[in-house]
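>>> build me a model from this:
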Amino acid sequence: MRKVKYVLIVMIALLSITGCGKKEKEKEYMTGKVNVEMTVKDYGVIELELDADSAPITVTNFVDLVKDKFYDGLTFHRIIDGFMIQGGDPTGTGQGGSRMNIKGEFSSNGVENNISHTRGVISMARNSYNYNSASSQFFIVHQDSTYLDGEYAAFGHVTKGMEVVDEIVKNTKVESDGESVSKENQPVIEKIRLKENDE
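Residues are numbered from 1 along each chain as shown. The predicted model follows:
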């Protein structure tokens with residue numbers, strides 16, 4: 001009996017020292033508004049205001065990737081006139097992403113998000129069969145596409161530079177499917193940075 005008590009005491013001590021058995025600390029997500037600048041080679045700068053109150057997980061993930069300079073040198077690989085421009089895939093194929101997926105913040109996934117997919121809104125791309133498959137790929141809405149509301153995690157909007165989006169749509173050669181862009185024609189995201197007053 002003494003041996004059993006001794007073993008239990010040792011196990012409890014080890015658990016408290018190693019931290020095992022404790023609930024992992026939950027990640028802290030951003031709140032409020034965050035401003036970023038996206039520089040697209042040969043086109044100019046798109047300024048965006050991100051809304052962490054409406055989509056805290058999405059904004060925190062995006063800002064973390066921006067701080068890591070993940071988006072520098074990536075491209076817009078999918079462009080549909082009258083719909084959107086999509087980028088943020090390190091493979092440039094539509095199949096890639098960052099190291100982790102995040103929860104989709106939209107009503108079909110049980111999350112209230114009132115940002116509508118109107119012209120200039122930025123939202124997360126995901127695959128069609130998994131609500132929680134968003135990673136690094138995002139899209140900027142070219143023309144109102146409110147039928148996406150409740151199905152995709154919108155998380156901000158363009159405040160300046162929609163003419164850059166228009167020029168990308170107008171000047172980028174797409175393949176015969178009307179949306180894919182071959183590697184050599186993909187507009188390049190030189191960098192995305194937090195605006196100085198938000199750093």
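
>>> can you pull the pLDDT of H77?
Each residue has a pLDDT score; the one for H77 is 98.

>>> what does E196 give?
Value for E196, per-residue pLDDT: 75.

>>> got a list of what it touches?
By C-beta atoms under 8 Å, 6 or more residues apart in numbering, the contact set of E196 is empty. Quick note: C-beta positions are derived from backbone N, CA and C, even for glycine.

>>> quick one: it from E37, how far?
From E196 over to E37 the distance is 9 Å, taken as C-beta to C-beta, to the nearest Å.

>>> one more: V66?
V66 sits 10 Å away from E37, taking C-beta to C-beta as the criterion.

>>> the more surrounded of the two?
Higher neighbour count among V66 and E37: V66, with 20 against 17, using other C-beta atoms under 10 Å.

>>> which SS class is that one?
Of the three states, V66 takes helix under DSSP: H, G, I helix; E, B strand; the rest coil.

>>> quick one, what contacts F62?
Under the criterion of C-beta under 8 Å, 6+ apart, the contact partners of F62 comprise L50, F138, F155.

>>> could you pull out the strands for the chain?
Taking DSSP state E, the strands of the chain run over residues 33-40, 44-51, 76-80, 84-87, 121-124, 138-141, 154-160, 189-194.

>>> can you put those in JSON lines and add distance to E175?
Listed next are the strands of the chain as JSON lines, based on distance: least, C-beta to C-beta, whole Å:
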{"stretch": "strand 33-40", "distance to E175": "20"}
{"stretch": "strand 44-51", "distance to E175": "24"}
{"stretch": "strand 76-80", "distance to E175": "10"}
{"stretch": "strand 84-87", "distance to E175": "14"}
{"stretch": "strand 121-124", "distance to E175": "23"}
{"stretch": "strand 138-141", "distance to E175": "18"}
{"stretch": "strand 154-160", "distance to E175": "26"}
{"stretch": "strand 189-194", "distance to E175": "20"}
